[in-house]
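J.: Requesting a structural model of the entry that follows:
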Amino acid sequence: MTAPTADPGHLAFWGRPDAERAATFAALRRQDRPRWIPFRNRMPFVPTDDRFLAVVRHADVVAASRDPGLFGNEPTAASLYDLPPYLARYLGSMINMDGPRHARMRKVVARAFSPRLIARLEDGVRARAQRIVDDVAARGPGDVVAQVAGRLPVQVVCDVLGIPEDQHPLVTRHGETLVGFSDPEHTGIPREYLLRHGSPGPQHVLPGSLRIIRAGHDLTTLVRRIGRDRLREPRDDLVSTLVHADVDGERLTPREVGTLFILLVLAGSETTRATLAHALRLLTDHPEQRALLLDDLEGRLPGAVEEVVRHASPVIQFRRTATGDGEIGGTPVRKGDKVLLFYTSANRDEDVFAEPDRFDLTRSPNPHLGFGGPGPHYCLGANLARLEVRVMLGALLARFPQVRAVGEPEMLLSSFTHGVKRMRFAV
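T.: Have a look, this model is predicted:
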């Protein structure tokens, strides 16, 4: 477990094939308790010698998720690093809050993701998915991420927020930069250097951070401009809700609106994009499952979506920070310890899933943790994501039953998001 390619604490590990990574986590699950792992990929924040507790079993991830009093999201959940102020101003959102403060903010946003409101969105989602499929028919297939998987989620989340269509390319571009904070394409740091050292050198930290700052700045500038318009003329969109929200008698600050906006863009588009791309890859690699799905497309699509999310785990892990002394899975933790909940491992736990490496769209029950563990931080947009994947995948397969991935996908280099940057496809 000390070689970089077999060490989840080294960035090179996250550039290895999925099967090798799965084997490493299977070995970790066989150990008698969660283990401490040195953290060596320091991208792109303040370098530090540090370690994290790798929580890899389904039961332990569930237990930690249900105990926010001991395993908190503050000061940050989406980064192993405590974000410096110049990044926290853009990324320090609701996801990094605990207790009453988190509950109040979540209540404001949750109104936009109620089952009733999501049902209202379905006709619009179907219409957009149909236009995307029509475009593929007219122009021919190329990159499924650019033409299909990356389009619908951004369009839908922008519809919910109230972002005009001419701003969708900006949202897409900057969302890719923020979610790709450890990928060479988005940081400008040579891949060979990252895989060798697991972290940027001093010459790389500032340029990588500047790209993230620029993306955060441009997105918050966009939402502030739209927010000013919505203060004067409210509409039926989430930006209007945010700028008029009353949280304990106070309006949200422009910074709070900006960080919530960035969170919703990333959570509402990037992970759904990855799920759609993985769905096509998995159906290509498992033609018998494709045939089973096509035999009853509408009936089996919901189960197929759940199995894609389980098998692919678009969100690899989230961090928790111990708020006091305690234990998880038999391993003691002390206040301030960093704990990583590896959903990618929990979703392959042999104690929960029979033949966990097998892709089986009829798997039932399927208690995966692809949208996070139970508790106050469970994904607000889970049902919207399910709707988008189900509708887009259904529209694509109905028009092109033999649609398939061609060649190997180009993967995002990340320990956080199991993302697909590009993948050729044919119809």
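
J.: Could you identify the longest helix within this structure?
T.: The helix that spans the most residues within the chain, counting by DSSP state H, is helix 202-232.

J.: Could you pull out the buried residues of it?
T.: Residues 204-205, 208-209, 211-212, 215-216, 219-220, 222-224, 226-227, 230 are the ones in helix 202-232 that count as buried (16 or more other CB atoms under 10 Å). The way it works is simple: take the backbone N, C-alpha and C, and place the C-beta from them, glycine included.

J.: Repeat that for stretch 306-326.
T.: Quick answer for stretch 306-326 (16+ other CB under 10 Å): 306-323, 326.

J.: Check stretch 59-71 too.
T.: Under 16+ other CB under 10 Å, the buried positions of stretch 59-71 are 60-65, 68, 70-71.

J.: sorry, back to before: for the longest helix of the chain, packing partners?
T.: Applying 3 or more CB pairs under 8 Å, 6 or more residues apart in numbering; DSSP states H and E, one finds that helix 202-232 contacts helix 85-91, helix 168-179, helix 184-187, helix 238-244, helix 254-265.

J.: neighbouring contacts of the fourth one?
T.: With CB atoms under 8 Å, 6 or more residues apart in numbering as the test, helix 238-244 has contacts from 108-109, 111-112, 160-163, 223, 226-227, 230-231, 234, 251-252, 257, 260-261, 264.

J.: try 10 Å this time
T.: Under the contact criterion CB atoms under 10 Å, 6 or more residues apart in numbering, helix 238-244 has outside partners 105, 108-109, 111-113, 117, 157, 159-163, 222-224, 226-231, 233-235, 251-252, 254, 256-258, 260-261, 264, 268.

J.: Buried among the residues you listed? Make that a ChimeraX selection.
T.: Selection of buried members from these for ChimeraX, criterion 16+ other CB under 10 Å:
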select :105,108,109,112,113,157,159,160,161,162,163,222,223,224,226,227,230,252,256,257,258,260,261,264,268
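
J.: will you turn the helices and strands packed on helix 202-232 into CSV that also has mean pLDDT and distance to R300?
T.: Shown next, in CSV, are the helices and strands packed on helix 202-232 (pLDDT from 0 to 100; distance: least, CB to CB, whole Å):
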stretch, mean pLDDT, distance to R300
helix 85-91, 73, 38
helix 168-179, 92, 30
helix 184-187, 83, 36
helix 238-244, 91, 32
helix 254-265, 88, 30
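
J.: Figure out which of those helices is closest to P332.
T.: Checking those against P332 by CB to CB gives helix 85-91 as the closest, at 29.5 Å.

J.: Which neighbouring elements make contact with that closest one?
T.: helix 202-232, helix 254-265 (3 or more CB pairs under 10 Å, 6 or more residues apart in numbering; DSSP states H and E).

J.: lowest-confidence stretch among those helices?
T.: Lowest mean pLDDT within the helices and strands packed on helix 85-91: helix 202-232, at a mean of 84.

J.: Distance from the chain centre to that helix, please.
T.: Remark: helix 202-232 is offset 20 Å from the chain centroid, using CA atoms, centre = their mean, to the nearest Å.

J.: Now do the same for F52: helix, strand or coil?
T.: For F52, the secondary structure call by DSSP: H, G, I helix; E, B strand; the rest coil comes out as strand.

J.: Tell me if I'm right that it and G9 touch.
T.: Yes: counting by CB atoms under 10 Å, G9 is a contact partner of F52 at 7.3 Å.

J.: Now do the contacts for V315.
T.: Contacts of V315 (CB under 10 Å, 6+ apart): 78, 267, 270-271, 274-275, 309, 341, 343-344, 369-372, 379, 416-419.

J.: same thing but at 7 Å, please
T.: 271, 343, 417 (CB atoms under 7 Å, 6 or more residues apart in numbering).

J.: Quick one: low-confidence residue ranges for the chain.
T.: Low-confidence segments of the chain (pLDDT under 70): 1-6, 41-49, 81, 86, 197-208, 249.

J.: Spit out the contact partners of R21.
T.: F13.

J.: Give the buried residues for the helix or strand hosting it.
T.: For R21, the host element (DSSP states H and E) is helix 18-30. For helix 18-30, burial by neighbour count (16+ other CB under 10 Å) applies to 18, 21-22, 24-26, 28-29.

J.: And stretch 276-292, by the same measure?
T.: Neighbour-count burial for stretch 276-292 [16+ other CB under 10 Å]: 276-284, 286, 289-290, 292.

J.: Stretch 169-177 now?
T.: So, applying 16+ other CB under 10 Å, buried residues of stretch 169-177: 171-172, 174-177.

J.: Export those residues as CSV, with columns for distance to S364.
T.: CSV is the format used below for those (distance: CB to CB, whole Å):
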residue, distance to S364
V171, 36
T172, 35
H174, 39
G175, 34
E176, 35
T177, 39
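
J.: Would you point out the most distant pair within these?
T.: So, those by CB to CB: farthest apart are V171 and T177, at 11.0 Å.

J.: The closest residue to E410 other than its chain neighbours and S415, how far apart?
T.: Nearest non-adjacent residue to E410, counting by CB to CB, 6 or more residues apart in numbering: R422, 4.3 Å away. Computed as CB to CB, to the nearest Å, the R422 to S415 distance reads 20 Å.

J.: which one of those two has more residues nearby?
T.: For R422 versus S415, neighbours defined as other CB atoms under 10 Å are more numerous around S415 (21 against 17).

J.: wouldn't that one be in contact with F318 here?
T.: No: applying CB atoms under 7 Å as the test, S415 and F318 come out as separate, 11.4 Å apart.

J.: contacts for stretch 325-338?
T.: Against stretch 325-338 from outside (CB under 7 Å, 6+ apart): 33-34, 50, 52-53, 55, 57, 60, 63-64, 70, 80, 319, 321-324, 339.

J.: quick one on the thing from earlier: same list (the buried residues of stretch 276-292) but as TSV, adding distance to Q167 and secondary structure.
T.: As requested, those are exported to TSV (distance: CB to CB, whole Å; DSSP: H, G, I helix; E, B strand; the rest coil):
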residue	distance to Q167	secondary structure
L276	22	helix
A277	23	helix
H278	27	helix
A279	27	helix
L280	27	helix
R281	30	helix
L282	32	helix
L283	33	helix
T284	33	helix
H286	38	coil
Q289	38	helix
R290	36	helix
L292	40	helix
